[in-house]
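# Need coordinates for the following:
(one chain, ligands or ions: 1)
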Amino acid sequence: MSIDARAVWRNFGAFTAVREMSLQVRPGEIVGLIGANGAGKTTLIRMILGLEAVDRGEVDVFGLPPSRHTRSRLGYMPQGLGLYQELSVRQNAEFVAEAFGIAAPALPAALEAVASRPVQEIGLGLQRRLAFHCALLHRPELLVLDEPTSGVDPLARSRLWDTIHDQADAGCGVLVTTHYLQEAQQCTRLAIMSHGRLVAHGSLEDIIGGQTAVAVRAPEWARAFDALVAAGLPVTLAGRLVRVAGVSAAEVRAALVSAGVEAAVTEVPATLEETMVLIDREVKIPS
Ligand SMILES: Nc1ncnc2c1ncn2[C@@H]1O[C@H](COP(=O)(O)OP(=O)(O)OP(=O)(O)O)[C@@H](O)[C@H]1O
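Got it, this is the predicted structure:
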C-alpha cells in the first residue's frame, strides 16, 4: 500500500482540522482528494508527509510511519509550489537533485528555454511545470500533488495530466487534490472531505449518484435567474443556463410560475461542484 491512513485526527488547539479520516492509495492508482477550502486536505497531506503530527489514528506510507526515508521515496508538489523564486530554473532543479543525491536529469524543452531565468520571472504555467519536474526527478514511487493545475491553462493542464497517467501506468501511486471536474473524472477513485471528515468515496458516478439539479432554459434567462434568487433557491448560472441544485423541478416551476416567467424546466444530474455544495450542506459541523 502506498498510503494507508487509518482514522487519523489532527487538532489545532480546540479546532479539529482532520477528524477520523481514513484513506488508502495503492500503487498505480490515482486518488482524487476533493473538498471545499478549509476541508482539511492539506493538513491530511502534511500528516502523510510527516510534516504534521498525527494526534490520533495511524498513517503508514509504504507500510512505514512517515519519516525522512518515506519522504525520499515520494514526490510532493505543494500548493505554493515550493520553488526558490530568486534561483534560476536550472538551479532549482539542481538543488532538488542534489538533495536526493542524484545527477539532475535534462530539463524538458520548455523549461530548458528559460533555464537561466529566475523563477520569479517566468509565468505560473512554467513554474508549475518546474515544480512538477522537481517532484518527479528522483523517480518517486508515490506522487502527492496539492492542486497541481490551479491557474494553469487547459492545454498545460491536460499535458500535466498525461504525465500523471504515465506515472500511474508505471506503478506510481498518486494522491491529488483538485477543484476541477475534468480532473476528478480522470481519477481512479475520489475521496470527498468536508469539515475534516471523509463524507463520500468511490467513483465520480458513485458520488454524484442520485444527486440532481434542475436546469432552467428561459428566453428571458436573467428574469428567471432573478425570480429563483428571490424565491431563496440556490441558483447558479452556466452561460445562459440557469441551474438550481438539490431542489425538485416542481419547486422551481412553482417559483417561476408565481413570478410569471416562462421556462423549460428539466431535472438533470448534478455536477461535481453542485454535489460538493449539497454534501457540505448535509454535513453537520461537529462541535
Ligand atoms: N497550523 C494551523 N493552525 C491552526 N489552524 C490550521 C493550521 N493549519 C490548518 N488550519 C486550519 O485547518 C483547516 C483545514 O485547513 P487545510 O489547509 O487542511 O484545508 P484544505 O482543505 O487544504 O483547504 P484549501 O483547499 O483552502 O487548501 C482550516 O480551517 C485551517 O484554517
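
# so when I look at Asp66, I'm seeing a helix, right?
Slight slip there: residue 66 is Pro, not Asp. No. Using DSSP: H, G, I helix; E, B strand; the rest coil, the assignment for Pro66 is coil, not a helix.

# start the count at 53, not 1, going forward
Okay, residue one is now 53; in that scheme the one you just asked about reads as Pro118.

# For it, give its distance to the ligand.
From Pro118 across to the ligand, the span is 16 Å (Cβ to the nearest ligand atom, to the nearest Å). (Glycine included, C-beta is placed from N, CA and C.)

# Quick one, grab the pLDDT at the residue lying closest to that residue once chain neighbours are set aside.
Excluding the flanking residues, the one nearest Pro118 by Cβ to Cβ, 6 or more residues apart in numbering is Gly102, at 3.1 Å. According to the prediction, Gly102 has pLDDT 93.

# Gly102 touches His121, doesn't it?
No. With contacts counted by Cβ atoms under 8 Å, Gly102 stays clear of His121, the gap being 9.5 Å.

# of the two, who's got more company?
Per other Cβ atoms under 10 Å, whichever of Gly102 and His121 has more neighbours is Gly102, with 17 against 12.

# dump the residue contacts of that one.
Neighbour list for Gly102: Val113, Pro117, Pro118, Ser119, Arg120, Thr122, Arg123 [criterion: Cβ atoms under 8 Å, 6 or more residues apart in numbering].

# which of these has the most neighbours?
Of these, with other Cβ under 10 Å as the count, Val113 tops at 26 neighbours.

# check contacts around that one.
So, once contact is read as Cβ under 8 Å, 6+ apart, Val113 ends up touching Ser54, Ile55, Asp56, Ile100, Gly102, Thr122, Arg125, Leu126, Leu194.

# Show only the entries of the residues you listed found in helices.
Judged by DSSP state H, helices contain the following of these: Ile100, Thr122.

# can you put the contacts of Val113 in JSON lines and add distance to the ligand?
Below are the contacts of Val113 laid out as JSON lines (distance: Cβ to the nearest ligand atom, whole Å):
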{"residue": "Ser54", "distance to the ligand": "20"}
{"residue": "Ile55", "distance to the ligand": "16"}
{"residue": "Asp56", "distance to the ligand": "20"}
{"residue": "Ile100", "distance to the ligand": "12"}
{"residue": "Gly102", "distance to the ligand": "15"}
{"residue": "Thr122", "distance to the ligand": "20"}
{"residue": "Arg125", "distance to the ligand": "23"}
{"residue": "Leu126", "distance to the ligand": "18"}
{"residue": "Leu194", "distance to the ligand": "19"}
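
# For the nearest residue to Gly225 once chain neighbours are set aside, give me its contacts.
Among residues not flanking Gly225 along the chain, Ser54 sits closest, at 3.2 Å (Cβ to Cβ, 6+ apart). By Cβ under 8 Å, 6+ apart, the contact set of Ser54 is Val77, Arg78, Pro79, Glu81, Val113, Phe114, Glu193, Leu194, Gly225.

# Can you pull the phi and psi angles for Ser54?
Main-chain torsions, Ser54, degrees, to the nearest 10: phi -70, psi -50.

# who's in contact with Ile154?
By Cβ under 8 Å, 6+ apart, the neighbours of Ile154 are Leu189, His190.

# Can you classify it as helix, strand or coil?
Classified using three-state DSSP, Ile154 is coil.
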